[in-house]
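1. got a structure for you, letters missing:
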């Protein structure tokens, strides 16, 4: 009788454990999808940041060239 009860309890535990694992697998799958989505968004943001950095570098170079031209013009008037 005791063996039957223990067998029944073990069978129920396995059944409940399997059902619980399916829920956990769905949660893990959902979280994995969210992580993949966030990773994609981060890489897009990094790409946009690099474009902005490149554009800023170009603007700074143009500003330096313009300032040099202005300095050259001002120097020519001083002579």
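-> Thanks, I have the structure now. Everything numeric here is computed off the predicted structure, so don't read it as measured data.
2. how far away is residue 28 from residue 38?
-> Separation of residue 28 from residue 38 (Cβ to Cβ, to the nearest Å) stands at 15 Å. All C-beta spots, glycine's among them, are computed from the backbone N, C-alpha and C.
3. now residue 30
-> From residue 30 to residue 38 the distance is 13 Å (Cβ to Cβ).
4. before we move on, what about residue 60?
-> 32 Å.
5. what about whichever strand or helix holds residue 42, distance to the chain center?
-> Using DSSP states H and E, residue 42 falls within helix 2-78. Here helix 2-78 is found 0 Å from its chain centre; the criterion is Cα atoms, centre = their mean, to the nearest Å.
6. shift numbering so it begins at 231
-> Fine by me, first position is 231 from now on; the one you just mentioned is helix 232-308.
7. I'd like the mean pLDDT over it, please.
-> Averaging pLDDT along helix 232-308 yields 86.
8. packing partners for that helix?
-> The contact analysis (3 or more Cβ pairs under 8 Å, 6 or more residues apart in numbering; DSSP states H and E) places helix 232-308 against no helix or strand.
9. Brilliant, that's me finished.
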